[in-house]
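Engineer: After the sequence you'll find the predicted model.
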Amino acid sequence: MTVLAPTAQSMNAMSCHICGLLVSTDYITAHSAHCPRCDARLHSRKPNSLNRTLALLIAAAIFYVPANIYPVLTLVSFGKATTNTIMGGVIELAQGGQWTIAVIVFVASVLVPIFKIVALLFLVLSVRMKKTRALRQRSVLYRFTEFVGRWSMIDIFMISILIALVKLQSIATVTAGPGAIAFAAVVIITMFAAMAFDPRLIWDVSREEDDRN
Amino acid sequence: MGEGAAIENDVMAAGYTEALVACPECDLVHSVPEIEDGEQGHCIRCGSLLYVRHRNSLDRSLAFAITGLFFFILANMFPLLTFELDGQSQSNRLIDGAIAFMDAGYWELGLVVFVASIVAPLMVLIVLISVLLPMRLNIAPTNVKVQIRLLTHLKPWAMSEIFILGIIVAFVKLSDFADVSVGLSLVAFVLMVAAVVMAYMTLDDSAIWRRLKELKA
Ligand SMILES: [Zn+2]
Ligand SMILES: [Zn+2]
């Protein structure tokens, strides 16, 4: 028999997701479902976490296609127009010999979004299939996914700077393309997906297994 | 570690406790030990950060937040970059990226950039100062509960540090075919990000609640 590590849930308590105060379920039934310290609504686990995460991942995957097919910006310089997709922008940087920046943009704009979708999908499915292996590794994977997600916004900010700065009529102008909207949607929707996933569910499975023994 | 049901029930007699903390990422319950200033506590099971202690946490965080606000204001007053080609030049301010998206009809992107580069970073600084400054002056701040919740929700959307990388990429792309120079605001913006990072790093959330209790007592 394994020794059960006490979790808030097993103690009939829940911790506030804002301030971390540990509140007993007795208190909640007697008083209110709001944190006595910060007033946030208390819940033991994020409500409907797996379904919400999955729905957001599907939405992100749909936007991922136009985000990569449609141009994100067009540069017109002395009558010559160059149109870039996300990947096109990376290739152009690399061809210009800007390897460091090319790698940063490639990682942030190409690898991170697809990595986030795959990693969160793996986390949702592994919880749903009640996998009990690599619990700590999956926790670390979640933490990493949540941390890197925001960095994909680099391209959106870069475009906003270029279109504000490069508007010298007849000499050079930069305009944004529709791919930028789809790309920003992927980044934001995957951020919401990471927020919707409750990493405690990874560990709940091991407790259910222990309870059965 | 909270061991045995007896201790747990005792601790939870009031309905809630500050003596125990459940890991936000795996729910394992830990007792909150007395740790040294500058130390951190990590979950023994999943490794997530549970608590930090800093000497004068609130004062230091306040000082960094005020510094950050000062640099944020400066960052909005001058050009970020100046672009020169064929004898003509054009500068941009921090807010111009959001405006340019709006002008081009991409209002969703304008809104996203406006929130991530201006609204959220500014709100984070204002909330930090409006919670920490009254405490420093021995006054209980108003609406702390709302403000702390707001701060938690704002944090992921304040993307100043990412915006800086966006500026660097834009700079590199443009310097291929034009003269680009760095404006005063860019320096201020970088300093603001450094101050905000320090304000977060020195802030010990539990110290806010402890101080609040002292002030109300
Ligand atoms: Zn709370
Ligand atoms: Zn943990």
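Structural biologist: Noted; the coordinates are in hand. Numbers count the residues shown, from 1 in each chain, chains lettered A, B, ... in the order given. Ligands and ions are numbered 1, 2, ... in the order given.

Engineer: contacting residues for residue 198?
Structural biologist: Here I'm looking at chain A. Counting by CB atoms under 8 Å, 6 or more residues apart in numbering or on different chains, residue A:198 makes contact with A:45-46, A:49. In this view, the C-beta of every residue, glycine as well, is placed from N, C-alpha and C.

Engineer: look at chain B instead
Structural biologist: B:60, B:64.

Engineer: now that we have the contacts of residue A:198, which one has the most neighbours?
Structural biologist: For those, the largest neighbour count, defined by other CB atoms under 10 Å in any protein chain shown, is 19 neighbours, found at residue A:49.

Engineer: Can you spell out the domain ranges of the chain, please?
Structural biologist: Using chain A here. Domain assignment of chain A by automatic domain parsing yields the ranges A:1-44, A:46-212.

Engineer: nope, chain B
Structural biologist: Using automatic domain parsing, chain B is parsed into the domains B:1-53, B:56-216.

Engineer: Out of these, which is closest to residue A:108?
Structural biologist: Of all the domains of chain B, it is domain B:56-216 that lies closest to residue A:108, at 7.7 Å by CB to CB.

Engineer: how about residue B:140, secondary structure?
Structural biologist: The three-state label given to residue B:140 by DSSP: H, G, I helix; E, B strand; the rest coil is coil.

Engineer: pretty sure it is in contact with residue B:212, am I right?
Structural biologist: Yes - under the criterion of CB atoms under 8 Å, residue B:140 is in contact with residue B:212, at a separation of 6.5 Å.

Engineer: that older thread, lowest average pLDDT across the domains of chain A?
Structural biologist: Among these, domain A:1-44 has the lowest mean pLDDT, at a mean of 86.

Engineer: Does chain B have contacts with it?
Structural biologist: Yes - contact of domain A:1-44 with chain B (CB under 8 Å from any CB of the partner chain) involves A:5-9, A:11, A:13-15, A:17-24, A:26-27, A:30-31, A:36-40.

Engineer: Show me those that map onto strands.
Structural biologist: Per DSSP state E, strands hold the following members of the residues of domain A:1-44 next to chain B: A:13-15, A:22-24.

Engineer: so which of those is the most crowded?
Structural biologist: residue A:13 leads those on contacts (other CB under 10 Å) with 29 neighbours.

Engineer: Looking at the closest residue to residue B:40 other than its chain neighbours now. What's its pLDDT?
Structural biologist: In space, residue B:40 comes closest to residue B:52 once its chain neighbours are excluded; the distance is 4.9 Å by CB to CB, 6 or more residues apart in numbering or on different chains. Listed pLDDT for residue B:52 reads 82.

Engineer: Please apply the same query to residue B:8.
Structural biologist: On the pLDDT scale, residue B:8 is placed at 53.
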